[in-house]
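S.K.: coords please:
(2 chains)
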Amino acid sequence: MAGLTNSRRRGGGAGWLAAAPLLVVTLIAFGIPTVVLVVGAFSVKGGGFGFENLSATMREPYLGALWNSVTLSAVVAILGAVLGAFLAQAVLTSRSGLLREAVLTASGVLANFGGVPLAFIWIATLGNSGVVTAALGLGSGVLYNFWGLALVYLYFSVPLMVLVIAPALDGLKPQWREAALNNGASTWQFWRHVGIPVLGPALLGGAVLLFGGAFAAYATAAAMVGASVPLVTLQIADALTGNVLIGYENIALALSLDMIVIALLVMAVYLPLQKRSSRWLA
Amino acid sequence: MAGVTWRRLTLGVAAVYFLVPLAIAVWFTVYNESRGFSLGAYGRIVSAPGFGESLLKSLLLGAAVIVLVLLLALPALLAVRLGAPGLRPVLETITTLPLIVPPITYVVGIANALRGGTDALAATPFWQTLISIQDENFPVVLVLAYVMLALPFAYRSLDTGLRAVDVRTLVEAARNLGASWPYVLFRVILPNLRSAVAGASFLSLALVMGEYTIAALMGYRTFPVWIVTVSGNDGQLSVALSVLSLGLIWLLLLTLSGAGRKSK
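M.R.: Down below sits the predicted model:
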C-alpha cells in the first residue's frame, strides 16, 4: 500500500511530463491565434487599444447578422432537440432491432454530413430548379431564406440529437413507467413528472450542441444563400478575404470575439448539465 | 393504439424528410432528360483536374492528424490514470476549446497570427520556419489546426475505451515483468484499446475529409475545397460529388464499427 501511494505521488511529475507535448501544442496552435484575436479585436486604428471595433459590431449591418445567427441557431436547436427526441423515442420503442440499427447508423452518417455537399443536395431538391420545387410548383426562393436555411440545418441537427438522446432514452427504465401507470398516472403525467425531469439535462445539453453546430456553420450558408440572409459567419469570411472597406480589417476579429463570447455563454449552460446527465447514463 | 399511430407518423415524416433529398440527389446524377440514364457524372469526377492530387493531400493530412492526435492524447490520458488526476480538468478544458471557438473565428486568429508573425520575424531564421509550415503541398498549420479540432472527439473515444481497461494493473504487471515503457504502450495498452483507437482515428479522418471553412479561407486545396471549386456550373457533377462525400462518411463509419466488433 505504501509503495502504491508512493508511486502515485512520484507519478505526478512524470504524469505532467507525459502530457507536456499536448500542452505545448495546444499553447502554440490554440493559444497564439486566440491571443492575436483578442488583442486585434481591441486594437484601434492609429495604434493603441479601445472598444471601437467591438462597438462597430454592435451597429448595423453587423448587429443584424449577429441577431440572425443567434435566432437561426436557437430555432434549429429547439426544433432539432424536440424532433430528434421524438424520432429517437419512436425508433427505440419500435422493438425492431433492424430499424434501430439502421436509424442509429444513418444518424451517425448524417450528423457528420454538412458543408457545401449538404447545400448541393438540398439545392437539387428544393432549389429554384429543384425536383420537388418543379413537381409541386412552389416557385423560386423557397430555400434561399431564413426558414430554408433552418430546414437544411435540421438535416444534420436532428440526427445529432438522436445520437445524443438515445442513450438517455435507453436509461429510462420501463419499470418507472409501469410503476407510474400502476399507480394511476396518465401517460402525460408520467412524462411530466418522471420522463422529462430525468431527460432534462440530456435534452438541454443536446440543444446546446445543436446551437453550437448551427452557430458555427459557414460553408452550407455560403453555398446556399450568399448575402441574402446575412449571418455573422458570412460577414467574418467577407472581412477576412478582404471583401470589405479599407480600415475594417479588425472588424473580423471583433466579430469573432463576439461569436466566442456568445458560444461561451451558451456553453456555460451545457458544461454543468453534462455532469448531471452523465449520472443517469452511467 | 395511439402509441402505434404517433410512432408511424413520426417515422413516416422522418423517412420523407431524410430519404427524399437523397433519392432525388442520386436520381439527378444518373438521369438527364436529353441523354437519359448515364453514370457519366461519376466518371467526370475521376477525370476532373485535381481529383487525385486533392484526395491524396487530404488523406495525407488525415494520416498526420491521426498519428499526432494519438501521440498527444494517449500519454496524457494514461498519465491521468497512473497518478496525475490533477491533469483531468486541464484536459477537459483543452478538449472543450473547439466547442467554444468556432472554426471561422479560429481561422481568423490563425491568419492574423501568421500575417503578424511573418512581418515581425522577417529578418530572423524563424521566418523560414513560418513559411515552410504554410507549404501548399503539406500545410503543417492545417495539421495543427485539425489536431485541435479532432482532440475533443479523440479524447472522448479514448477515455471511454480506457474506462473498460484496468490500466494500473496492466501497467504494473508489465513493468514488474521487466517491460519497457514503449513496450507497455504499444504491446500492452494499445491492443486493449483497438476499438477506441479506431474510433478516434475515424472521427479525426472524417473531420479532415469534411472540413471546408479553415482550408478554404487559408487557400489550401484540400478535397472538400476541391469539391467546391470543381463543381462550378456543372450541376450534375456537384451533386455527384455530394453523393460521393456522403458515401465516404458512410464507408468510414462502416469500417469503424467493423473494427470495433472485431476487437470484442
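S.K.: Can you give me every residue that contacts residue A:156?
M.R.: By C-beta atoms under 8 Å, 6 or more residues apart in numbering or on different chains, residue A:156 lies in contact with A:110-114, A:118, A:213. Where C-beta positions appear, they are placed from N, C-alpha and C, glycine not excepted.
S.K.: quick one: pLDDT of it?
M.R.: In this prediction, residue A:156 carries a pLDDT score of 92.
S.K.: The one 3 residues further on now?
M.R.: Here, the pLDDT recorded for residue A:159 equals 93.
S.K.: Residue B:16 now?
M.R.: Taking residue B:16 on its own, its pLDDT is 91.
S.K.: isn't there a helix covering it?
M.R.: Yes. Using DSSP: H, G, I helix; E, B strand; the rest coil, the assignment for residue B:16 is a helix.
S.K.: where in the chain is pLDDT low?
M.R.: All of this refers to chain A. With pLDDT under 70 as the threshold, chain A has low-confidence stretches at A:1-14, A:242-248, A:271, A:273-282.
S.K.: oops, I was thinking of chain B
M.R.: Along chain B, segments meeting pLDDT under 70 span B:1-3, B:233, B:258-264.
S.K.: Okay, helices next: where are they in it?
M.R.: B:2-30, B:40-47, B:51-82, B:87-100, B:103-120, B:126-132, B:140-163, B:167-176, B:181-183, B:190-192, B:194-210, B:213-218, B:223-231, B:235-262 (DSSP state H).
S.K.: Distance to residue A:21 and mean neighbour count for those helices - can I get that in TSV?
M.R.: Below are the helices of chain B laid out as TSV (distance: least, C-beta to C-beta, whole Å; neighbours: other C-beta atoms under 10 Å in any protein chain shown):
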stretch	distance to residue A:21	mean neighbour count
helix B:2-30	42	15
helix B:40-47	39	14
helix B:51-82	5	20
helix B:87-100	12	18
helix B:103-120	20	20
helix B:126-132	18	13
helix B:140-163	11	21
helix B:167-176	19	15
helix B:181-183	15	12
helix B:190-192	17	14
helix B:194-210	16	23
helix B:213-218	22	22
helix B:223-231	28	21
helix B:235-262	26	18
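S.K.: Now render the ones you listed as a markdown table, adding distance to residue A:63.
M.R.: Below are the helices of chain B laid out as a markdown table (distance: least, C-beta to C-beta, whole Å):
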| stretch | distance to residue A:63 |
| --- | --- |
| helix B:2-30 | 33 |
| helix B:40-47 | 42 |
| helix B:51-82 | 37 |
| helix B:87-100 | 22 |
| helix B:103-120 | 17 |
| helix B:126-132 | 36 |
| helix B:140-163 | 29 |
| helix B:167-176 | 51 |
| helix B:181-183 | 56 |
| helix B:190-192 | 52 |
| helix B:194-210 | 31 |
| helix B:213-218 | 23 |
| helix B:223-231 | 30 |
| helix B:235-262 | 34 |
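S.K.: how about JSON lines for those, with distance to chain A added?
M.R.: Formatted as JSON lines, those follow (distance: least, C-beta to the nearest C-beta, whole Å):
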{"stretch": "helix B:2-30", "distance to chain A": "4"}
{"stretch": "helix B:40-47", "distance to chain A": "12"}
{"stretch": "helix B:51-82", "distance to chain A": "4"}
{"stretch": "helix B:87-100", "distance to chain A": "5"}
{"stretch": "helix B:103-120", "distance to chain A": "3"}
{"stretch": "helix B:126-132", "distance to chain A": "11"}
{"stretch": "helix B:140-163", "distance to chain A": "4"}
{"stretch": "helix B:167-176", "distance to chain A": "8"}
{"stretch": "helix B:181-183", "distance to chain A": "10"}
{"stretch": "helix B:190-192", "distance to chain A": "15"}
{"stretch": "helix B:194-210", "distance to chain A": "5"}
{"stretch": "helix B:213-218", "distance to chain A": "5"}
{"stretch": "helix B:223-231", "distance to chain A": "5"}
{"stretch": "helix B:235-262", "distance to chain A": "4"}
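S.K.: Quick one: closest of these to residue A:209.
M.R.: Nearest to residue A:209, of all the helices of chain B, is helix B:87-100, at 8.1 Å by C-beta to C-beta.
S.K.: for that closest one, packing partners?
M.R.: Helix B:87-100 sits against helix A:2-26, helix A:249-281, helix B:51-82, helix B:140-163, with contacts defined as 3 or more C-beta pairs under 8 Å, 6 or more residues apart in numbering or on different chains; DSSP states H and E.
S.K.: among these, which is nearest residue A:103?
M.R.: Counting by C-beta to C-beta, residue A:103 lies closest to helix A:249-281 out of those; the figure is 19.3 Å.
S.K.: what's the spacing between the helix or strand residue A:80 falls within and its chain's center?
M.R.: Element membership for residue A:80 (DSSP states H and E) is helix A:62-92. Put simply, helix A:62-92 sits 9 Å off its chain's centre (C-alpha atoms, centre = their mean, to the nearest Å).
S.K.: residues in contact with the helix or strand just after it?
M.R.: Tracing the chain past helix A:62-92, the next element assigned as helix or strand by DSSP H and E is helix A:97-111. Helix A:97-111 is touched from outside by A:87, A:91-92, A:94, A:155-156, A:159-160, A:162-163, A:166, B:11, B:18, B:246, B:249-250, B:253, B:257, with contacts defined as C-beta under 8 Å, 6+ apart.
S.K.: any chance you could map the helices in the stretch 101-250 of chain A?
M.R.: Taking DSSP state H, counting those that start in this stretch as the criterion, the stretch 101-250 of chain A contains helices spanning A:115-126, A:131-136, A:146-171, A:174-182, A:187-190, A:196-216, A:219-224, A:232-240, A:249-281.
S.K.: now those helices in a markdown table, with distance to residue A:100?
M.R.: Shown next, in a markdown table, are those (distance: least, C-beta to C-beta, whole Å):
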| stretch | distance to residue A:100 |
| --- | --- |
| helix A:115-126 | 25 |
| helix A:131-136 | 29 |
| helix A:146-171 | 9 |
| helix A:174-182 | 16 |
| helix A:187-190 | 22 |
| helix A:196-216 | 18 |
| helix A:219-224 | 29 |
| helix A:232-240 | 35 |
| helix A:249-281 | 18 |
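S.K.: Can you pull the residues of the stretch 101-250 of chain A lying near chain B?
M.R.: Within the stretch 101-250 of chain A, the residues that sit near chain B (C-beta under 8 Å from any C-beta of the partner chain) are A:105-106, A:108-110, A:112-118, A:120-122, A:124-126, A:130-132, A:154-155, A:158-159, A:212, A:215-216, A:218-219, A:223, A:233, A:236-237, A:240-241.
S.K.: Filter those down to the buried ones.
M.R.: Buried members of these, counted by 16 or more other C-beta atoms under 10 Å in any protein chain shown: A:106, A:108-110, A:112-118, A:120-122, A:124-126, A:130-132, A:154-155, A:158-159, A:212, A:215-216, A:218-219, A:223, A:233, A:236-237, A:240.
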